[in-house]
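Engineer: Okay, sequence plus prediction incoming.
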Amino acid sequence: MNINTNYQNISDSYLFSTIAKKVNEFAQKNPDKKIIKLGIGDVTLPLCKVVVESLKKASDEMGVKETFRGYGPEQGYEFLKSQIKEYYASHKVGLEADEIFISDGAKSDLGNILDLFSQDNTVLVPDPVYPVYVDTNTMAGRKIIYIDANADNNFLPLPDDSVKADIVYLCSPNNPTGAVYDKEQLKKWVDYANKNGAVILFDSAYECFITDSSLPRSIYEIEGAKTCAIEFCSLSKMAGFTGTRCGWTVVPKALADGVLNKMWLRRQTTKFNGVPYIIQRGAEAVFTSEGQKEIQENLNYYKENAKIISDVLKKHNIWHIGGKHSPYIWLKCPNNMSSWEFFDYLLENIQIVGTPGSGFGKNGEGYFRLTSFGSRENTIEAVERLDKFLD
Ligand code: MLT
């Protein structure tokens, strides 16, 4: 056999695995030190009560002959798709149920979707960016070009007509910076894609953190987006499903005359057997009014954590953005430290783990990401340690 040599072009380990390894090594050498992890964006609050009730009920059904279910539809059960359709309708986006595909999360589908596109497409990726976009395209041997996101453009780069790309990745609210495109800015991307026959792969995994109703939560709030964009969303951050696994992908039928919608259905029915029935029932409960109320309480809790972190950074005059419509705070490393220097410095001195900005691309060098997904107690303790240390 011949191996896929494209793997030689990616780093040996995925960003968050590298961080976990470093932290574990430190923990083994320093068993008496309490490490506070504000690195990977993993939630800490438990699932909502209505979700747990729904999971239990569905588990019971699976143990009874009359209600037991085997293979489900690969693209998801209608009961969940209709809830998601309603969710979009509440943001004034009209979708048809067969444009929604239930998945085990945005990360998987962001990689899997590449099955639909020819290898000779050029991919445009903002830098810094969620590493999955770059790694998955590198694995497939696709040409990647970058667009700079930096302090000059508020980490919200806009299209340049002289740059020709076939596949464009956008993430708003952004991972890692927390920056959010407004409607006018997103419209520029939609116009660019429609004009150039490009497709936008829009990662909306953090849309639930948007509180300003003038900001778009879905790319389909922008006129013309259905002819150029595929959207990926997830219950991971919205409803604490990082370990439970459920999300969805929208492939509009107006896109490429329905060809991509058909191809995605074909791909999913061939390579995926669907998200477990029990999990989809849990996901359904997220969209009930009780579920929405409970998840909002959790999102508010994380937002308060973000404020607590932001306040201490302000006190020490550390430049930062994010945290308002996002669980991420993106800060400039003090004293011109590099991202990894600051990572080691925090881990060794005050045992706080964040994510080095350079792990998200060259423009992330000198920056650092903290998440607000920790527990309140740990966030307060981390901030107290930072406060003393930065003095
Ligand atoms: C992150 O920390 O960037 C996210 O947790 C990664 C992910 O959602 O896969």
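Structural biologist: Arrived safely, thanks for sending. Quick caveat, the model's predicted, so the values are computed rather than measured. Numbering: from 1, shown residues only.
Engineer: ok, now how distant is the residue in the chain that the ligand sits nearest to from Ser375?
Structural biologist: Nearest to the ligand in the chain, going by C-beta to the nearest ligand atom, is Gly41, at a distance of 3.2 Å. To be clear about C-beta, it is placed using only N, CA and C from the backbone, and glycine gets the same treatment. Distance from Gly41 to Ser375, counting by C-beta to C-beta, to the nearest Å: 14 Å.
Engineer: With Thr136 instead?
Structural biologist: From Thr136 to Ser375 the distance is 32 Å (C-beta to C-beta).
Engineer: Looking at those two, which one has more neighbours?
Structural biologist: When neighbours are counted by other C-beta atoms under 10 Å, Thr136 and Ser375 differ, and Thr136 comes out ahead with 18 against 13.
Engineer: Spatially nearest residue to that one (excluding sequence neighbours)?
Structural biologist: Distances taken as C-beta to C-beta, 6 or more residues apart in numbering place Gly111 nearest to Thr136, at 4.1 Å, with adjacent residues excluded.
Engineer: What about the one you found, how many residues nearby?
Structural biologist: What Gly111 shows, counting by other C-beta under 10 Å, is a neighbour count of 16.
Engineer: do the same with Asn112
Structural biologist: 18.
Engineer: Please look at it and Arg267 and confirm they touch.
Structural biologist: Yes - Asn112 lies in contact with Arg267 (C-beta atoms under 8 Å); the separation is 7.2 Å.
Engineer: quick one, helices of the stretch 201-350 of the chain?
Structural biologist: All helices of the stretch 201-350 of the chain, identified by DSSP state H, counting those that start in this stretch, fall at 236-239, 259-271, 277-286, 289-315, 339-350.
Engineer: where does the protein dip in pLDDT?
Structural biologist: By pLDDT under 70, the chain has no low-scoring segment.
Engineer: Domain-wise, how is it divided?
Structural biologist: Split into domains by automatic domain parsing, the chain comes to 14-43+292-390, 49-287.
Engineer: out of those, which comes closest to Gln8?
Structural biologist: Nearest to Gln8, of all the domains of the chain, is domain 49-287, at 9.7 Å by C-beta to C-beta.
Engineer: Quote the end-to-end distance of the closest one.
Structural biologist: End-to-end distance of domain 49-287: 13 Å, with C-alpha to C-alpha, to the nearest Å as the criterion.
Engineer: now stretch 346-362
Structural biologist: 21 Å.
Engineer: Quickly check: it near the ligand or not.
Structural biologist: No - interface with the ligand: stretch 346-362 contributes nothing (C-beta under 6 Å from any ligand atom), its closest point being 6.6 Å away.
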